[in-house]
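A.B. asks: Turn this into a structure:
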Amino acid sequence: MKAMIRHALIVSVAAAVLGPPAALAAVTGAAAAPVAAAQKAGCANRRVQLDTDFPTGAAARCDAVGKRELVVTLAPEDAPPINCSAWYAFRLTPQGGAKRGQRVTITLNYTACGHRYWPKVSEDGVRWTRLSAKDVTLFENQGIKQARLRIRIGERPLFVAGQEIIAPSTNDQWLAEKSRHPDVSRTVLGQSAEGRTIDQLTITSARTPPREQVVLLGRQHPPEITGAQAMLAFVDTILSDDPIAIAYRARFSTIVVPMLNPDGVARGHWRHATGGLDLNRDWGPFTQPETRLMQSLLQRIADDPARTLRLFLDFHSTHKDVVYTLPDTKVSDPPGFTANWLARYQDRMPGYRVERDASHNPGLPTAKSWVYEAYRVPTATFEIGDETDRARIAEIGREAALAMMETMLATPAP
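C.D. replies: Sure, this is the predicted structure:
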């Protein structure tokens, strides 16, 4: 299981760490002409060159200040107000004047919101480490939190990012691996605004298509990596040889859409897709091609008399681990699922508090609210903390999935 999860986190840019930017384009594949140019910036001093010319990299500006400091200006893709998920990702390449072990200072200059994600570094895009606290200085400028990083220069380029990078082609690698499982089929759900493919997996071992359908959704918001990591572990568990998973796959069909916003991910957006909107505020209006794809997927299930939607889960990240659910007073089918699921989940996680926040706003155009209003099934937004321990995230994904499958198996068939 751990090996599978680690493989899922292999980063597409790793293959081109030592190569020129053109090599990265070969790795990621061609996409339709972008609606607008992504924010790309670079600068250099005698010690290091900084660039963002890779998927997920973005910066509004980069300036060399003296011989040892670079200032990276970070701005959201659209004018505030915008959710403060202030993403950053850039690559540092040693210059001829650099000596091994020397340090360079990188100042992160935020124009809005301020610093949120603790910096992480990687030479290969696979193994990431948190920058030491002694090398990070947080300060404020005009009421906005900024950060100054001291980074040791080695012989190879170094990626620096707010979270581990899971780019669209990383997602494609994961989909390809999962598709080799005999109980998985991979199909194209549709295309993003910029023409990137949005895939789905359908998981079942039943010889005839099951009536009961579970839908899992991820990466509506580009920087929310920990939610994606939990989702990968969740899906790996559904595909495992655990007896619960085997029984579950025989009765249920699970549809997985792991990356709904590949354009925003590739561009290094803080929150939006390319339409200037938060996709998770477009459920109901459905003005964006990505959310319309999900509307059509769910409608196809509803229109098919041989299928019934039973559960919808949407994976995200925030400042803490929390599951946003419907109140138990909201009637859904299967009845009582959420309380039973979270009780089983808690039983499987001794020493860990499963936090639940139950509410419902029928007028809020989020996936959780809209799907419930449209289909009256249990829905939840499964959130993971930005800095939750990565081994813990794998455990959360595994145990939450086992608890979900146990609870679904305990429900009567419709």
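A.B. asks: Which strands or helices does the lengthiest strand in the chain pack on?
C.D. replies: Criterion DSSP state E: the longest strand present in the chain is strand 308-318. Secondary-structure packing of strand 308-318 (3 or more C-beta pairs under 8 Å, 6 or more residues apart in numbering; DSSP states H and E): strand 212-217, helix 225-238, helix 289-303, helix 367-375, strand 379-385, helix 390-410. Backbone N, C-alpha and C define where each C-beta goes, glycine included.
A.B. asks: Residue 193: which of those is closest?
C.D. replies: helix 289-303 (5.3 Å; C-beta to C-beta).
A.B. asks: how far does the longest strand of the chain sit from the chain's center?
C.D. replies: 14 Å (C-alpha atoms, centre = their mean, to the nearest Å).
A.B. asks: Mind pulling up the pLDDT for residue 40?
C.D. replies: Predicted confidence (pLDDT) for residue 40: 81.
A.B. asks: and the gap between it and residue 109?
C.D. replies: Distance, residue 40 to residue 109, by C-beta to C-beta, to the nearest Å: 17 Å.
A.B. asks: got it, and residue 343?
C.D. replies: From residue 343 across to residue 109, the span is 47 Å (C-beta to C-beta).
A.B. asks: So for those two, which sits in the more crowded spot?
C.D. replies: residue 109 (20 against 13; other C-beta atoms under 10 Å).
A.B. asks: in what helix or strand does the residue lying closest to the more buried one once chain neighbours are set aside lie?
C.D. replies: Of all residues not flanking residue 109 in the chain, residue 73 sits nearest, at 4.7 Å (C-beta to C-beta, 6 or more residues apart in numbering). According to DSSP states H and E, residue 73 maps onto strand 69-74.
A.B. asks: just for the stretch 51-200 of the chain, where's the confidence low?
C.D. replies: Within the stretch 51-200 of the chain, the stretches with pLDDT under 70 are 97-98.
A.B. asks: Please, where are all the helices along the stretch 1-150 of the chain?
C.D. replies: Here the stretch 1-150 of the chain has its helices, by DSSP state H, counting those that start in this stretch, at 2-8, 21-28.
A.B. asks: And for the stretch 151-300 of the chain?
C.D. replies: 168-179, 225-238, 243-251, 262-267, 289-303.
A.B. asks: ok, residue 224 to residue 347 distance?
C.D. replies: The value you get for residue 224 to residue 347, if C-beta to C-beta is used, is 27 Å.
A.B. asks: okay, those two: which has more neighbours?
C.D. replies: Taking neighbours as other C-beta under 10 Å, residue 224 and residue 347 compare with residue 224 leading, 26 against 12.
A.B. asks: pLDDT value on that one, please?
C.D. replies: We have a pLDDT of 98 for residue 224.
A.B. asks: I'd guessed it sits against residue 280; true?
C.D. replies: No. Counting by C-beta atoms under 8 Å, residue 224 stays clear of residue 280, with 10.2 Å between them.
A.B. asks: Now do the shared contacts for those two.
C.D. replies: residue 316 (C-beta atoms under 8 Å, 6 or more residues apart in numbering).
A.B. asks: tell me the contacts of the residue nearest to residue 401 when sequence neighbours are not counted?
C.D. replies: Leaving aside its chain neighbours, residue 401 sits nearest to residue 237 (3.8 Å; criterion: C-beta to C-beta, 6+ apart). For residue 237, the contact set (C-beta under 8 Å, 6+ apart) comprises 1, 245, 397-398, 401-402.
A.B. asks: Out of these, the closest to residue 331 would be?
C.D. replies: The closest of the contacts of residue 237, once distances to residue 331 are taken by C-beta to C-beta, is residue 401, at 25.4 Å.
A.B. asks: ok, how many other residues are close to that closest one?
C.D. replies: 28.
A.B. asks: For it, give me its contacts.
C.D. replies: Contacts of residue 401 by C-beta under 8 Å, 6+ apart are 233-235, 237-238, 245.
A.B. asks: buried set for stretch 180-200?
C.D. replies: 181, 183-184, 189, 191-194, 196-200 (16 or more other C-beta atoms under 10 Å).
A.B. asks: From these, pick the one nearest residue 297.
C.D. replies: Among those, and counting by C-beta to C-beta, the member closest to residue 297 is residue 189, at 6.4 Å.
A.B. asks: so the closest one makes contact with residue 198?
C.D. replies: Yes. Look at residue 189 against residue 198 with C-beta under 8 Å: they come within range, at 4.8 Å.
A.B. asks: Touching, residue 354 and residue 345? I think so.
C.D. replies: Yes. With contacts counted by C-beta under 8 Å, residue 354 reaches residue 345, the gap being 5.4 Å.
A.B. asks: Next, the residue lying closest to residue 119 once chain neighbours are set aside: phi, psi?
C.D. replies: Closest residue in space to residue 119, ignoring its immediate chain neighbours: residue 131 at 4.3 Å, by C-beta to C-beta, 6+ apart. Backbone geometry at residue 131, expressed as degrees, to the nearest 10, gives phi -70, psi 140.
A.B. asks: List the contacts of residue 131.
C.D. replies: 118-121, 149, 151, 160.
A.B. asks: same thing but at 7 Å, please
C.D. replies: 119-121, 149 (C-beta atoms under 7 Å, 6 or more residues apart in numbering).
A.B. asks: Let's see if you can find the most crowded of these.
C.D. replies: Ranking those using other C-beta under 10 Å puts residue 119 first, with 21 neighbours.
A.B. asks: how near is that one to residue 87?
C.D. replies: From residue 119 to residue 87 the distance is 12 Å (C-beta to C-beta).
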